[in-house]
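Enquirer: Test case, fold it:
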Amino acid sequence: MSPVSRGRKKRSRSTGQRVVRQVQAGPVTCDCPDCSGEQLQPLALVADLLDDGGPLLDIEEAVEAELFAAGLLAMGDLAGAGFAEAVAAVIVPELERTATPAALAVLHAIALVDDGTAAAGAAARLEPAGLRAPRWLAEARTPVTPGVYRRFAEPSGQVSSVLLGTFERAGRIDGFAVNIDDSDCHAAVDIVLFPGEAFEQVVATIEDNAREHGLPITGAHLDPAEFRWQTERALSARAAHDADLGPDEIAAEYEDGDEPGYHQLAVLLRARVHILPEPSRPPAEHLDDEIELFTRIATKTSPRRRAPGAKLPAKRKKSDGPAPVFQLKVGLRDAKPPIWRRLEVPADTGLADLHTIIQVAFDWDDSHLHAFETGYGTFGVADPELDHQAERPVTLEQVAAGAGGRIRYTYDFGDGWEHDILVEKVLERGSETYPRCTGGRRAAPPDDCGGIWGYQRLVEILADPAHPAHAEMREWLGLDHADEFQPARFDAAEVSRSLAARFKR
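Expert: Below you'll find the model as predicted:
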């Protein structure tokens, strides 16, 4: 599902190639008074930067200057601890001391992607000297504004996905495609920079490739804050994994070529997403893999967790008589205001049917994987790698026997819709039609809106007609008018009718 690459040569790549030949693994050192040792030579890097700084004066687009600087800053992956300090303490001051147009161009470029290097201050001090400014500087000083953001994913949320986003500055639009391995901590695999005008072409390429390979994919619009959260999660997970690589393995990713490499683009993309609104949810916590995530959920947060290896109680026999009815309260975790349903279901309802009942009650699309976390293990579509046991042979009363019993249901491992299920009461079976819904609160979020925090942002955007993403979100939901979106609406009788239609006896 990789989109097309940007179809033009990047001369800024040469900076990264020169730096990689200078940088070796180990502490940042040089032969200047501020450093000692022989491994890294920041002053030699300055000479290379100045060689490239001359041509840098004449390029037209600010993004080329950003890539030039990103090629330098990405080398911190090779240099290890202390490289950023060497840039600030040695490279930037030496460029300022040189005081040439080439040095000024390099300082302005570094400041574009890393305002923590003191490069902006050094460039400001040089400007009164009347040095020639780079041609792209006026464009670079125009604010970057958010564009369009989308996510394409395989429905299970466990294979791969692509984030697409655009940024506009001075009439130019740059697009980024981030290919993500969702089975590997949602880590970024590669990044492609493309002309923003080709956005729809990239979307078509993704959809065509998916059809060609028989891969079902779903597309979702993201608001800028959610795009930032998902992008930073992908980049941070990749950085954590790369920390385990040796210098030779990292250096192999800086081979000669006309296009910028992953690490160079990661520096640029991090700088771009920083102009987006800060996400309302905290940064994602990095785990080794998804199996660790499910293990942690099962062992630390599942309610009434039994000891590992607890034996599943026997299933009800005909001689035991009719099963009672369980009154369940199913609440969506972290939803504020609360979103919940009160359901009455026969206690001997199978977990596969309970999955369908919850899907109907919350108006989910049933387009993603799910799992029930219980004191007797995790049940869903059987998957040995995730330690998921088959749900179909198991009934509700086997895993949540009696009033007070608790289990958890997770739908869509990407967005992570977690539902707490509590057996509130055990009722005698009456003449009513089961399953049925007797209460609840608020409409459930739409599928693929980015989890509970993404939904909260969606509600805020649709309530604000002046929000830049208002029209886009309304279009994504297929609404003619924003007032058609009613997050407070809930009708228990309507849910009961849908359940009756699904479970005709």
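Enquirer: low-confidence ranges in the stretch 201-350 of the chain?
Expert: 244-258, 286-309 (pLDDT under 70).
Enquirer: Run through the helices of it in chain order.
Expert: Assigned by DSSP state H, counting those that start in this stretch, the stretch 201-350 of the chain shows helices spanning 224-242, 247-251, 262-273, 290-296.
Enquirer: So which elements touch the first one?
Expert: Helix 224-242 makes packing contacts with strand 145-153, strand 160-169, strand 172-181, strand 187-195, helix 262-273, helix 451-462 when contacts are defined by 3 or more CB pairs under 8 Å, 6 or more residues apart in numbering; DSSP states H and E. The C-beta positions use only the backbone N, C-alpha and C, and glycine is treated the same way.
Enquirer: From residue 84, how far off is the closest residue to residue 334 other than its chain neighbours?
Expert: Once flanking residues are discounted, residue 334 sits nearest to residue 452: 4.7 Å by CB to CB, 6 or more residues apart in numbering. Distance of residue 452 to residue 84, given as CB to CB, to the nearest Å: 35 Å.
Enquirer: Looking at the two now, which is surrounded by more residues?
Expert: Neighbour count, other CB atoms under 10 Å: between residue 452 and residue 84, residue 452 has more, with 21 against 15.
Enquirer: With distance to residue 442 and mean neighbour count as added columns, please give the helices of the stretch 201-350 of the chain in a markdown table.
Expert: A markdown table is the format used below for those (distance: least, CB to CB, whole Å; neighbours: other CB atoms under 10 Å):
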| stretch | distance to residue 442 | mean neighbour count |
| --- | --- | --- |
| helix 224-242 | 20 | 22 |
| helix 247-251 | 48 | 14 |
| helix 262-273 | 31 | 23 |
| helix 290-296 | 27 | 15 |
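Enquirer: can I get those helices in CSV with distance to residue 316?
Expert: Converted to CSV, the helices of the stretch 201-350 of the chain look like this (distance: least, CB to CB, whole Å):
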stretch, distance to residue 316
helix 224-242, 44
helix 247-251, 56
helix 262-273, 53
helix 290-296, 28
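Enquirer: so which of these gets nearest residue 72?
Expert: helix 262-273 (8.9 Å; CB to CB).
Enquirer: how far out from the middle of the chain is that closest one?
Expert: 15 Å (CA atoms, centre = their mean, to the nearest Å).
Enquirer: same deal with stretch 199-214?
Expert: Worked out by CA atoms, centre = their mean, stretch 199-214 lies 20 Å from the chain centre.
Enquirer: Pull out the CA atoms of it and give them to me as PDB.
Expert: The C-alpha coordinates for stretch 199-214 follow below in PDB (Å, rounded to 0.1, in the frame of the first residue of the first chain):
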ATOM      1  CA  PHE A 199      -3.000  13.800  -2.600                       C
ATOM      2  CA  GLU A 200      -6.000  12.200  -4.400                       C
ATOM      3  CA  GLN A 201      -3.700  10.300  -6.700                       C
ATOM      4  CA  VAL A 202      -1.900   8.900  -3.600                       C
ATOM      5  CA  VAL A 203      -5.300   7.900  -2.200                       C
ATOM      6  CA  ALA A 204      -6.200   6.200  -5.400                       C
ATOM      7  CA  THR A 205      -2.900   4.400  -5.500                       C
ATOM      8  CA  ILE A 206      -3.400   3.000  -2.000                       C
ATOM      9  CA  GLU A 207      -7.000   1.800  -2.800                       C
ATOM     10  CA  ASP A 208      -5.800   0.300  -6.200                       C
ATOM     11  CA  ASN A 209      -3.000  -1.600  -4.600                       C
ATOM     12  CA  ALA A 210      -5.300  -2.900  -1.800                       C
ATOM     13  CA  ARG A 211      -7.700  -4.200  -4.400                       C
ATOM     14  CA  GLU A 212      -4.900  -5.700  -6.500                       C
ATOM     15  CA  HIS A 213      -3.700  -7.700  -3.500                       C
ATOM     16  CA  GLY A 214      -7.200  -8.600  -2.200                       C
END
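Enquirer: Out of the helices and strands packed on helix 224-242, which gets nearest to residue 91?
Expert: helix 262-273 (15.4 Å).
Enquirer: So what touches that closest one?
Expert: 13, 16, 63, 66-67, 69-71, 73-74, 77, 112-114, 144, 165, 167, 174, 176, 178, 188, 190-193, 227-228, 231-232, 235, 238-239, 250, 253-254, 260 (CB atoms under 8 Å, 6 or more residues apart in numbering).
Enquirer: low-scoring pLDDT stretches of this protein, where are they?
Expert: Across the chain, the ranges flagged by pLDDT under 70 are 1-42, 76-82, 115-117, 155-159, 244-258, 286-309, 505.
Enquirer: Which residue ranges make up the domains of it?
Expert: Per the record, the chain has its domains at 13-140, 145-273, 290-310+321-443+488-502, by automatic domain parsing.
Enquirer: Please list all residues in contact with the residue nearest the centre of the chain.
Expert: Centroid check for the chain by CA atoms, centre = their mean gives residue 230 as the closest residue, at 2.0 Å. Contacts of residue 230 were listed using CB under 8 Å, 6+ apart, and they are 151, 163, 186, 222, 450.
Enquirer: didn't the second one look like it was pressed against residue 233?
Expert: No: when contacts are counted by CB atoms under 8 Å, residue 163 is not listed as touching residue 233 (9.9 Å).
Enquirer: related to what we said a few turns ago, closest one to residue 465 out of the contacts of residue 230, please.
Expert: Residue 465 lies nearest to residue 222 out of these, by CB to CB, at 19.5 Å.
Enquirer: so how far is residue 277 from the residue nearest to the closest one when sequence neighbours are not counted?
Expert: With sequence-adjacent residues excluded and distances taken as CB to CB, 6+ apart, residue 222 is closest to residue 149, at 4.2 Å. To residue 277, residue 149 is 12 Å away according to CB to CB.
Enquirer: just to revisit the earlier point, format the helices and strands packed on helix 224-242 as JSON lines; extra columns: distance to residue 208.
Expert: Listed next are the helices and strands packed on helix 224-242 as JSON lines, based on distance: least, CB to CB, whole Å:
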{"stretch": "strand 145-153", "distance to residue 208": "12"}
{"stretch": "strand 160-169", "distance to residue 208": "13"}
{"stretch": "strand 172-181", "distance to residue 208": "14"}
{"stretch": "strand 187-195", "distance to residue 208": "16"}
{"stretch": "helix 262-273", "distance to residue 208": "24"}
{"stretch": "helix 451-462", "distance to residue 208": "27"}
